[in-house]
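1. Curious how this folds, go ahead:
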Amino acid sequence: MSSTFVSVEKGIQTAGVGRFQYRLFVIFGLVWLADAMQVLSIGFSAPSIAKTFGKTVPEALQTGTFFFIGMLIGAFFFGRLADRIGRRPVLMMAVVIDACAGVASAFAPEFAWLLVLRFITGIGVGGTLPVDYTMMAEFLPSDRRGRWLVLLESFWAVGTIFLAILALVAVSWGDDAWRVIFFVTGLPALLGVVLRFYIPESPMFLNRNGRSDEARKVLERVAKVNGSTATIPQLQPEKQERKSIFALFSSELRRRSLALFLAWALISIAYYGVFVYLPVKLSSEGFAFMRGQVFLVVLALVQLPGFALSAYGVERWGRKPTLIGFLLLSAVGCMFYSLGSSPVIVIGSTLLMSFSLLGTWGALYAFTPEVYPTDLRASGMGMAGAVARFGGLFAPAIIAPIMATHFTLALAVLSAMLAAGAISIWAVDVESRNRALD
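-> Residues are numbered from 1 along each chain as shown. Next comes the predicted model:
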């Protein structure tokens, strides 16, 4: 009798890949686009916030600090909650908080209110990260999963382009430019709230929690939307006890968790060093265009082929080789800045870093949810997201002082972090290419 049962992975393969996954891709992509705009809007909104509330620009940048703290909390909390009560309800909660607090930020009457609303927005944005990627991974067969997850990350580049255009337009509103930026950046997430009602619960979560019949019905729905007439066989029932967050560091998972989380932290610190503090340093030395909207669009356009190569690489060469290759390329690219101060070197190095570092992030977002079992997948993604936010918060203390006084040393530190990130990925004890989720 048991021979008639199949795994959820086999059920997903039977349901096929088609219109259902494309819809899911666009729905998640819209919110990821909105999240990119929310994160990157900090620098563009700070000057007008300072003028509105009579603050200095460094004081106005506290909105970014509160936002990142919120992201840290949201990533950890919602990732854990998604493994407890399900992907779908957490998916809705996170995006509602993201959208409502994001739009409400535009109407903040006082600076203190703005800090609170940016903190709450950060919680929502941080919460969308682990759940979106976990959910997308759990609706894709193993031979397509990596490519789709990398390409989902490419919406970050699209959001970057939209924000740059928005920042150019918002300038005409003067001191209220930040209100326009926060209002518009919240709109895609608001649309995402409506669209996410369409998304069913993950069949992997349902089956792992003893709800095999419901999981099968979800897969039948996927097959129907995809235009498939295939019959979904009965699923092999699974029921496991709930695991604590400390299970991420059990004897079976300890090595991969420590190695992965270290990589997330190192890559995050290097990312903010390259794209926040390096432009500040170079703009003070005659390269002011590096902090402009037009150059930001150029950087985003260069990211797209980086994502494309990463999407090809994770399926052709594997997750770990692709990640290690992009990280080593990033480490080398970082040191190119030390070759001189001519515009050709500065622009060329920056474009190379944009290509390679964003390719790195694409592969990292594809790899991380695949190495954890279903009952810890969102928790693992949430912990990774929280660690990345720690990296973002510590970057000013680690990179900024060195960058201000010893430019070449700062480049060497950033390059060493990226190389160490490559070693950390090498230390992960599993390669997930063509690997069924468990």
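2. the helices in the stretch 51-200 of the chain, which residues?
-> For the stretch 51-200 of the chain, the helices defined by DSSP state H, counting those that start in this stretch cover 57-60, 62-85, 87-105, 111-137, 142-153, 155-170, 177-195.
3. Can you work out which other helices and strands pack against the fifth one?
-> Which is helix 142-153. helix 19-53, helix 111-137, helix 293-316, helix 343-367 (3 or more Cβ pairs under 8 Å, 6 or more residues apart in numbering; DSSP states H and E). In this view, the C-beta of every residue, glycine as well, is placed from N, C-alpha and C.
4. please redo it, this time with the cut-off set to 6 Å
-> helix 293-316, helix 343-367 (3 or more Cβ pairs under 6 Å, 6 or more residues apart in numbering; DSSP states H and E).
5. what's the answer for the last one, then?
-> In this structure, helix 177-195 makes packing contacts with helix 19-53, helix 87-105, helix 155-170, judged by 3+ Cβ pairs under 6 Å, 6+ apart.
6. chain center to the shortest one, what's the gap?
-> To tie it back to what came earlier, the one meant is helix 155-170. Helix 155-170 has its C-alpha centroid displaced from the chain centroid by 17 Å (Cα atoms, centre = their mean, to the nearest Å).
7. residues of that helix that come out buried?
-> Across helix 155-170, burial judged by 16 or more other Cβ atoms under 10 Å covers 155-164, 166-167, 170.
8. just stretch 46-59 next, same as before
-> Ala46, Pro47, Ser48, Ile49, Ala50, Lys51, Thr52, Phe53, Lys55.
9. can you check stretch 424-438 too?
-> Buried, per 16+ other Cβ under 10 Å, within stretch 424-438: Ser424, Ile425, Val428, Ser432, Arg433, Leu437.
10. tell me the least confident of these?
-> Within the set of the buried residues of stretch 424-438, pLDDT is lowest for Leu437 (81).
11. part of a strand, is it?
-> No: Leu437 is assigned coil when assessed by DSSP: H, G, I helix; E, B strand; the rest coil, not a strand.
12. ok, now how distant is Thr52 from Gly64?
-> Computed as Cβ to Cβ, to the nearest Å, the Thr52 to Gly64 distance reads 16 Å.
13. Tell me where the model's unsure across the protein.
-> Applying pLDDT under 70 to the chain flags the ranges 1-3, 291.
14. at 80 what do you get?
-> The model of the chain has pLDDT under 80 over residues 1-4, 43, 238-242, 276-277, 279-293, 340-341, 396, 400, 404, 438.
15. Pick out the residue closest to the middle of it.
-> Nearest to the mean C-alpha position of the chain, by Cα atoms, centre = their mean, lies Leu129 at 5.5 Å.
16. That one contacts Ala386, correct?
-> No: counting by Cβ atoms under 6 Å, Leu129 does not reach Ala386; the two are 9.5 Å apart.
17. which residues are in contact with both of those two?
-> Ala75 (Cβ atoms under 6 Å, 6 or more residues apart in numbering).
18. For the residue nearest to the residue nearest to the centre of the chain when sequence neighbours are not counted, which residues are in contact?
-> In space, and not counting its chain neighbours, Leu129 is closest to Gly385: 4.5 Å by Cβ to Cβ, 6 or more residues apart in numbering. With contact set as Cβ under 6 Å, 6+ apart, Gly385 has these partners: Ala75, Leu129, Pro130.
19. what does Gly79 give?
-> Here Gly79 is in contact with Pro130, Ala378, Ser379, Met381, Gly382 (Cβ under 6 Å, 6+ apart).
20. Now do the phi/psi pair for Ala230.
-> phi -70, psi 150 (degrees, to the nearest 10).
21. Isn't it up against Thr14?
-> Yes: counting by Cβ under 6 Å, Thr14 is a contact partner of Ala230 at 5.1 Å.
22. ok, now how distant is Gly362 from Val413?
-> Taking Cβ to Cβ, one finds Gly362 at 24 Å from Val413.
23. Compare these two (neighbour count), which wins?
-> For Gly362 versus Val413, neighbours defined as other Cβ atoms under 10 Å are more numerous around Gly362 (32 against 18).
24. check contacts around the more buried one.
-> Val150, Glu153, Phe307, Ser310.
25. now Ser354
-> Leu299, Val302, Gln303.
26. ranking the residues you listed by neighbours, who comes first?
-> Most surrounded of those: other Cβ under 10 Å gives Gln303, at 26 neighbours.
27. Hmm, it is touching Trp156, no?
-> No: counting by Cβ under 6 Å, Trp156 is not a contact partner of Gln303; they are 7.5 Å apart.
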